[in-house]
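Chemist: predicted model, plus sequence, below.
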Amino acid sequence: MIRVTNADRVVFPEAGKTKGDVVAYDERIAPRALPHLLERPVSLGAAAARSSRGLS
């Protein structure tokens, strides 16, 4: 289990989805999705965007 801060923060306003909703979805699909990601590079777009702007 991971600790999620601000789980009630809305991250997809048009759908009314919160950060907690996204984490719950990721947990539900992980058993089927993760085997397909084995040995593949995976990155987060937000981290890449932040890095390209010189933010940390």
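Modeler: It's in. Predicted, not measured: the structure shown is a model, and the values here were computed from it.
Chemist: what about stretch 11-21, distance to the chain center?
Modeler: A distance of 12 Å separates the centroid of the chain from that of stretch 11-21, by CA atoms, centre = their mean, to the nearest Å.
Chemist: what's next to that stretch, contact-wise?
Modeler: Taking CB atoms under 8 Å, 6 or more residues apart in numbering as the criterion, the residues outside stretch 11-21 that touch it are 4, 6-10, 22. In short, each C-beta sits where N, CA and C put it, glycine included.
Chemist: and what of stretch 22-31?
Modeler: Residues lying outside stretch 22-31 but in contact with it, judged by CB under 8 Å, 6+ apart, are 2, 4, 7, 11-12.
Chemist: try it again with 10 Å
Modeler: Under the contact criterion CB atoms under 10 Å, 6 or more residues apart in numbering, stretch 22-31 has outside partners 1-2, 4, 7, 11-12, 17-18, 33, 37.
Chemist: pretty sure residue 25 is in a helix, no?
Modeler: Yes. When classified by DSSP: H, G, I helix; E, B strand; the rest coil, residue 25 is found to be part of a helix.
Chemist: which pLDDT value belongs to it?
Modeler: In this model, residue 25 is scored at 96, pLDDT.
Chemist: distance check, it against residue 39.
Modeler: 24 Å (CB to CB, to the nearest Å).
Chemist: more neighbours: which of those two?
Modeler: Set side by side, residue 25 and residue 39 show more neighbours around residue 25, with 11 against 4, by other CB atoms under 10 Å.
Chemist: list the buried ones in the helix or strand containing residue 32?
Modeler: Of the helices and strands defined by DSSP states H and E, residue 32 is found in helix 19-37. Using 16 or more other CB atoms under 10 Å as the test for burial, helix 19-37 gives 19, 21.
Chemist: from residue 29, how far out is residue 40?
Modeler: 16 Å.
Chemist: can you put the contacts of stretch 22-31 in CSV and add pLDDT?
Modeler: Written out in CSV, the entries for the contacts of stretch 22-31 read as follows (pLDDT from 0 to 100):
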residue, pLDDT
1, 72
2, 78
4, 92
7, 96
11, 95
12, 95
17, 97
18, 97
33, 93
37, 87
